Structure formats: structure tokens, C-alpha cells
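Novice: I'll drop the sequence and a predicted model, then ask my questions.
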Amino acid sequence: MAASLQLNARHFSPSFQPFHSSSTKSSKPNLVRCSAATHSSKRSYKITLLPGDGIGPEVISVAKDVLVLAASFEGIKFEFREMLLGGAALDATGVPLPDETLAVSKESDAVLLGAIGGYKWDKNEKRLKPETGLLQIREGLKVFANLRPATVFPQLVDASTLKREVAEGVDLMVVRELTGGIYFGKPRGFGTNENGEETGFNTEIYAKHEIDRITRVAFEIARKRRGKLCSVDKSNVLEASMFWRRRVQEISAEYPDIELSHMYVDNAAMQLVRYPKQFDTIVTNNIFGDILSDEASMITGSIGMLPSASLGDSGPGLFEPIHGSAPDIAGQDKANPCATVLSAAMLLRYGLGEDKAADRIENAVLDTLNKGFRTGDIHSAGTKLVGCKQLGEEIMKSVDSQAPAVV
Ligand SMILES: NC(=O)C1=CN([C@@H]2O[C@H](COP(=O)(O)OP(=O)(O)OC[C@H]3O[C@@H](n4cnc5c(N)ncnc54)[C@H](O)[C@@H]3O)[C@@H](O)[C@H]2O)C=CC1
Ligand SMILES: CC(C)CC(=O)C(=O)O
């Protein structure tokens with residue numbers, strides 16, 4: 001357990017605490033902040049739960065129980081509102097993001113999301129796709145900074161698809177721009193070209209302020225980690241990337257203590273599997289961040305392990321696993337709930353400023369892995385194969401076994 005605690009402290013706490021770290025070398029104000037994070041004396045919080053589709057409800061159920069238990073040891077109470085998003089919302093209301101879901105989310109202190117999507121809605125027109133609801137809520141909450149930590153836990157080195165010596169010790173943070181770029185750029189749509197042939201088109205576009213703010217967030221994060229930032233782009237081809245690189249370079253003058261490098265995205269994809277330990281903090285646009293963080297997840301053993309936090313200048317943060325709704329295993333009790341449980345820990349730490357309760361959850365996940373419990377995606381010889389629910393129960397037991405705190 002001592003090793004777990006040490007691991008926990010190294011991998012989560014000092015790496016990034018943009019809201020409440022007093023040990024930062026920076027004298028600048030924090031750049032990303034959620035409303036509740038500044039009120040750590042508040043002991044009751046409104047949380048919006050968005051289970052979504054597929055394995056979403058399964059992993060959210062586990063994460064909610066773990067969240068409630070871990071927080072109770074710190075005297076924290078929650079008021080939950082469960083709302084519809086994605087395919088579930090489409091079926092019930094005809095739209096993927098009902099107005100009420102966005103309104104309730106905006107009024108809460110933090111939002112915990114499972115995943116959206118599924119075969120049933122794959123052929124829907126764009127505005128009626130579950131994925132549109134997800135993009136809309138990210139935009140609606142203005143959560144432009146998506147933090148995706150990829151950490152190889154010693155317990156899971158053998159679950160990595162990479163050789164032990166390549167995977168061991170990897171600890172990187174992908175800072176993905178989340179509310180701009182090609183996922184939102186206009187013009188977009190379907191058309192006809194000069195030959196009368198059908199086309200589909202999208203626009204990769206970034207305004208100066210969008211690049212500047214995500215770059216500053218990434219520099220601040222790098223400063224609290226190992227002081228290295230790699231900006232990933234495709235500036236040998238794309239104008240939007242040329243502009244991105246120019247802005248990152250210019251902003252870097254504000255951070256002379258941080259070692260900045262630039263890398264083309266195709267090379268970055270290759271380097272991530274060749275020698276991932278070279279990376280500390282990566283900053284990149286929306287689509288490259290989406291792809292590279294999925295790739296990075298496999299270094300850690302499974303996409304079922306990776307949490308994320310999406311933050312804006314103000315208002316509630318959005319916390320979600322990086323994986324999708326996994327329709328291939330939905331309803332079979334096979335999903336790994338760790339990514340969502342760890343997202344709940346990020347919610348406590350970065351959304352509410354409740355570090356101690358976050359520590360409890362992260363310690364419990366590591367303790368459960370130490371005891372050998374594994375879902376199918378991270379199972380290897382000599383470990384105990386369990387389902388989503390049982391892994392959740394084991395995490396709860398580990399939370400419970402930690403000494404009670406002052407309440
Ligand atoms: N944030 C979100 O809600 C996202 C939603 N999606 C949507 O999810 C649906 C499925 O997309 P895919 O490309 O298949 O990606 P996916 O992440 O849902 O699944 C990819 C593979 O990883 C496995 N996997 C994912 N999460 C897992 C977990 N917690 N435990 C064990 N195995 C896990 C799945 O079984 C599948 O084999 C689509 O409708 C897609 O649009 C995709 C990515 C993100
Ligand atoms: C499902 C998409 C809207 C986005 C996505 O793949 C992601 O952010 O992970």
C-alpha cells in the first residue's frame with residue numbers, strides 16, 4: 001500500500017494542480033478554473049450525472065458509488081441530478097442534448113459523463129447523432145481544455161501492448177483543445193464539386209485566442225510536471241497548424257523555464273509507440289488530441305483506464321473517461337470502470353478542489369489493482385478476472401479500508 005500511495009502522489013497530485021497549488025513557480029493567476037474549485041470550504045455539491053449510452057450507465061453507476069463513499073469520509077455531501085445525453089436523449093426527447101440537460105449541467109458544480117453513441121443511431125443525420133450532443137455540451141459548458149493523463153501503473157505494465165522496457169514509467173499528459181478546430185469549424189457539410197460529384201467537407205480553423213489560451217494552460221501544466229512541453233501539429237502542410245505553431249512559439253516567451261519542442265503529428269504517433277517516455281506534456285488541437293490520447297491509452301494497458309477533465313475559464317468542469325460507449329461489450333458487465341472512477345477523482349481534485357477525497361479514490365484503484373483484480377481488457381495470467389460490478393465493489397472495499405478522516 002505504501003508503494004501505491006507513493007505512486008499516487010507522483011502520478012496525480014504534483015503533476016497538475018492548476019486551481020489550488022501554492023507551490024507553483026508561477027506568479028501568474030491560474031488560467032483554468034471551475035466555479036466550485038475555489039470554494040473548498042463548501043461541503044455539499046451539486047453533481048450532474050450523464051450516463052449516456054452503451055457501457056456509460058454501467059461505469060457511471062460504479063463511479064457514483066465510489067464518489068459518494070470516498071467523499072463521505074471527508075464530510076462531503078452530494079446532490080445528484082441524472083440527465084439525458086446522446087442516444088438515450090434522442091430516444092426520449094428527439095434531440096441529443098435537451099435544453100434541460102445543458103441548463104442543469106450549467107447550474108451544477110461539476111458534471112460526470114459516461115459515454116455516448118451506438119449502432120442504433122449511427123445512420124442518423126448529423127444534428128441527430130449522439131456525438132453531436134457530446135460536442136454541444138462541451139461547447140455549451142465552454143470547456144476548452146481537455147486534460148488526458150496517460151500513466152502506466154506498475155501493476156499494469158504487462159497489460160500494455162508495448163514491451164515492458166518501453167511502457168514502464170510512462171507518465172504523460174495530453175492537453176487537447178476541445179471546443180475548436182475541425183470538429184466545430186465552418187463551413188462544413190455535403191456538397192457537389194465542379195464535376196458534379198458529391199463531396200463532404202470540414203474546416204480546420206483556429207482563432208488566435210483559442211490557441212493562446214490552450215497553450216498557456218499547457219505551459220502551466222508542464223511547469224507543474226517535468227517542465228517539458230511538446231506541441232503537436234501538421235505545420236508542414238496545414239495553414240491552421242502553421243498558425244498554431246507560430247502562436248505557441250510566441251506564447252513560449254512567457255515561459256522561459258519550460259523546454260518547448262514541436263513535432264508533426266505523424267511523427268508524434270510513431271514516437272508514442274517507439275519511445276513514449278520522451279513525452280511529458282503534449283499540447284495539440286482537437287482532432288490530433290482525440291487520436292493521440294486513444295493511442296497513448298494502449299501504452300497504459302487499456303482505454304478503460306484513462307480518465308479526463310475538461311475545464312474552462314469558469315463554470316463547471318466536465319469529467320469523462322476517454323473511451324466511447326463500447327457497444328460491443330455493453331450490457332455484459334465487462335466494462336472496465338477505472339477510467340470513470342478516476343474521472344470522478346479528477347472531478348474532486350480539479351472540479352471541486354477536494355484533494356483528500358480524490359486521493360482516497362486514486363489510492364483505492366491502485367490498491368484494487370495491487371490485489372490482482374482485473375476486468376477482461378487488462379487481465380493477464382495470475383490476476384483475477386472480474387466484471388465491472390465486482391471491480392467496483394472491490395474499489396469500494398479499498399476505499400472503506402482506508403482510515404476514516406475528520407468529519
Ligand atoms: N466520449 C464519448 O462518449 C465517445 C463516444 N464514442 C462513441 O462510442 C461508440 C463506439 O466507438 P468506438 O470507436 O468503438 O470506441 P470505444 O472507445 O467505445 O471502444 C473501442 C474499443 O475499446 C473497448 N473499450 C472501450 N471502453 C472500454 C472499457 N471501459 N472497458 C473495456 N473495454 C473498453 C471497446 O470494447 C472497443 O473494443 C461510437 O458510437 C462512438 O461515436 C467514441 C469515442 C468517445
Ligand atoms: C465522439 C466524438 C464526439 C468525440 C470523441 O471521439 C472524443 O472526444 O473522444
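Specialist: Thanks, I have the structure now. Ligands and ions are numbered 1, 2, ... in the order given.

Novice: ok, which residues in the stretch 1-150 of the chain are in contact with ligand 2?
Specialist: Selection of the stretch 1-150 of the chain residues close to ligand 2 by C-beta under 6 Å from any ligand atom yields 131, 134-135. No exception for glycine: its C-beta is placed from N, CA and C like everyone else's.

Novice: Tell me the secondary structure of whatever residue of the stretch 301-407 of the chain ends up closest to ligand 2, please.
Specialist: In the stretch 301-407 of the chain, the residue that lies nearest ligand 2 is residue 322 (5.8 Å; C-beta to the nearest ligand atom). What DSSP: H, G, I helix; E, B strand; the rest coil gives for residue 322 is coil.

Novice: Can you give me the distance of it to ligand 1?
Specialist: 7 Å (C-beta to the nearest ligand atom, to the nearest Å).

Novice: element containing the closest residue to residue 136 other than its chain neighbours?
Specialist: In this structure, residue 136 finds its nearest non-sequential neighbour in residue 97, 4.3 Å apart by C-beta to C-beta, 6 or more residues apart in numbering. Using DSSP states H and E, residue 97 maps to neither a helix nor a strand.

Novice: For residue 288, see how far away residue 231 is.
Specialist: 10 Å (C-beta to C-beta, to the nearest Å).

Novice: Likewise for residue 277?
Specialist: For residue 277, the distance to residue 288 - C-beta to C-beta - is 20 Å.

Novice: counting contacts, what elements does the strand or helix carrying residue 230 pack onto?
Specialist: Using DSSP H and E, residue 230 sits within strand 228-233. Applying 3 or more C-beta pairs under 8 Å, 6 or more residues apart in numbering; DSSP states H and E, we find strand 228-233 packed against helix 208-224, helix 239-251, strand 259-264, helix 265-274, strand 281-284, helix 286-299.

Novice: what sits against residue 345?
Specialist: 12, 307, 358, 361-362, 365 (C-beta atoms under 8 Å, 6 or more residues apart in numbering).

Novice: Same list (the residues of the stretch 1-150 of the chain next to ligand 2) but as TSV, adding neighbour count and distance to residue 112.
Specialist: Output for those, formatted as TSV (neighbours: other C-beta atoms under 10 Å; distance: C-beta to C-beta, whole Å):
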residue	neighbour count	distance to residue 112
131	18	19
134	24	14
135	17	18
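
Novice: Report the entries of those residues that also contact ligand 1.
Specialist: Within these, those near ligand 1 by C-beta under 6 Å from any ligand atom are 131, 134.

Novice: Could you pick out which of the residues of the stretch 1-150 of the chain next to ligand 2 are located in helices?
Specialist: 131, 134-135 (DSSP state H).

Novice: burial count for the closest residue to residue 347 other than its chain neighbours?
Specialist: Using C-beta to C-beta, 6+ apart and skipping the chain neighbours, the partner closest in space to residue 347 is residue 319 (4.1 Å). Neighbours of residue 319 under the rule other C-beta atoms under 10 Å: 30.

Novice: For residue 319, grab phi and psi.
Specialist: Main-chain torsions, residue 319, degrees, to the nearest 10: phi -120, psi 130.

Novice: Would you quantify the distance from it to residue 67?
Specialist: 10 Å.

Novice: Could you pull out the residues contacting both of these two?
Specialist: With C-beta under 8 Å, 6+ apart, residue 319 and residue 67 have common neighbours 112, 344, 347.

Novice: How many residues are close by residue 80?
Specialist: Residue 80: 15 neighbours (other C-beta under 10 Å).

Novice: Which helix or strand contains it?
Specialist: Here residue 80 is assigned to strand 77-82, by DSSP H and E.

Novice: any idea how this protein splits into domains?
Specialist: 1-149+303-407, 161-189+197-299 (automatic domain parsing).

Novice: check contacts around residue 319.
Specialist: By C-beta under 8 Å, 6+ apart, the neighbours of residue 319 are 110-113, 307-310, 343-344, 346-347, 350-351.

Novice: that older thread, let me see the contact set for the residue of the stretch 301-407 of the chain closest to ligand 2.
Specialist: So residue 322 contacts 148, 293-294, 297, 303, 306-308, 339 (C-beta under 8 Å, 6+ apart).

Novice: Mind picking the two most distant members of those?
Specialist: 294 and 307 (13.6 Å; C-beta to C-beta).

Novice: Going by how many neighbours each has, rank these two and give me the top one.
Specialist: Remark: of residue 294 and residue 307, residue 307 carries more neighbours, 26 against 17, as counted by other C-beta under 10 Å.

Novice: Which pLDDT value belongs to the closest residue to ligand 2 within the chain?
Specialist: The chain approaches ligand 2 most closely through residue 131 (3.9 Å), counting by C-beta to the nearest ligand atom. Listed pLDDT for residue 131 reads 98.
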